[in-house]
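**Q** Could you look at this predicted model? Sequence included:
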Amino acid sequence: MNESVLSGIKIIKHIDLTQKDFINPVAILGMPGIADVGKFAIDTLIGQLGAQNYMDIIFDDYPAGAIVDDSLLSAPKAEILFWKDPQEKRDIILITADAQSLTPKGIYKISNFLTEIIYNCGIKLTIALGAYPINGNKLNSKIPRIFASSTSKDLLSTFLEKNNCERIQKGVIIGANGLIPTLAKARFNTDGLVLLAETDNIAVVNEDITDLKASITLLEMIKESFNLPIEKRYSLDNLEDISKNLQSKREKLEKDLETLQIMDTEEKRKSLYI
């Protein structure tokens, strides 16, 4: 791999794999973003498929801080995982991250790096999942619409024929979710799709919103498109139960953080680095 691409990037491999280890692989990615729509969908896929860790990527343009989980520290990272299809039809490579890079240059750099991983795995199709912000009064109240764009007119037409999607006519898809499929096509002629589920425009300015309905709508489309073994409980029919579970986890986290009281002196503040 090019030295300039690797600069500032630390690779932690969990297993050695080559193209020969994958059968007709497809990459599905979802980075943090508006309402964490793509991120939640990928995290759910990882858990449902029991995906295995392939590699972690630590990058010096990720936010400067440590993540604390169950008292253990870790650096912000991108993750690449894989699922081997037991029917040996199509393996899945899953890509996500704890954060987006802080600068446009950093987003380009990590996106370029990830496209090389995609190419080296022999992937011929990359699918990115994310959010499509829409004014609240124009949202579909029952099932969020999914908007699609592609690096190939033929691929887009074929996908639209088989799935209930609308075309993205014009606009800009900001961040790695849009850039990775685009760079993969430009550099390695790997076709790409970007699927965006509609979410309330208020999520653009409110970082605390997680749009579960949008995420699950994407998840159901991916499940049907690739015949993935995802449990029925991860569906729009069970949205209320999923929401309650997520809320209980948030409340537990808030309770755990109650011990971190506001520091009222400069000396006390120096002891807190979160």
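**A** That came through fine.

**Q** Was I right to think D98 contacts P76?
**A** Yes: counting by C-beta atoms under 8 Å, D98 touches P76, with 4.3 Å between them. C-beta: built from backbone N, CA, C; applies to glycine.

**Q** just the strands in the chain please.
**A** 9-13, 26-29, 52-59, 67-69, 72-74, 77-83, 92-97, 125-134, 146-150, 166-167, 191-200 (DSSP state E).

**Q** lowest average confidence, helix or strand, in this structure?
**A** helix 266-269 (a mean of 42; mean pLDDT, DSSP states H and E).

**Q** Pull out the buried residues from stretch 120-137.
**A** 121-123, 125-134 (16 or more other C-beta atoms under 10 Å).

**Q** so which pair among those residues is furthest apart in space?
**A** Farthest apart among the buried residues of stretch 120-137 by C-beta to C-beta are G122 and I134. That separation is 36.7 Å.

**Q** one step back: out of the buried residues of stretch 120-137, which comes closest to A186?
**A** T126 (12.0 Å).

**Q** quick one on the thing from earlier: got JSON lines for the buried residues of stretch 120-137, with distance to K84 too?
**A** As requested, the buried residues of stretch 120-137 are exported to JSON lines (distance: C-beta to C-beta, whole Å):
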{"residue": "C121", "distance to K84": "13"}
{"residue": "G122", "distance to K84": "14"}
{"residue": "I123", "distance to K84": "14"}
{"residue": "L125", "distance to K84": "17"}
{"residue": "T126", "distance to K84": "19"}
{"residue": "I127", "distance to K84": "18"}
{"residue": "A128", "distance to K84": "22"}
{"residue": "L129", "distance to K84": "21"}
{"residue": "G130", "distance to K84": "26"}
{"residue": "A131", "distance to K84": "30"}
{"residue": "Y132", "distance to K84": "32"}
{"residue": "P133", "distance to K84": "36"}
{"residue": "I134", "distance to K84": "37"}
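
**Q** now stretch 104-118, how far from the centre of its chain.
**A** Centroid separation for stretch 104-118 versus its chain: 14 Å, with C-alpha atoms, centre = their mean, to the nearest Å.

**Q** repeat for stretch 193-202
**A** Distance of stretch 193-202 from the chain centroid (C-alpha atoms, centre = their mean) equals 13 Å.

**Q** And for stretch 169-180?
**A** That offset, for stretch 169-180, works out to 13 Å (C-alpha atoms, centre = their mean).

**Q** Make 22 the first number, not 1, from now on.
**A** Got it, first residue is 22 now, which makes that one stretch 190-201.

**Q** and for D119 and P97, which residues touch both?
**A** 83, 88 (C-beta atoms under 8 Å, 6 or more residues apart in numbering).
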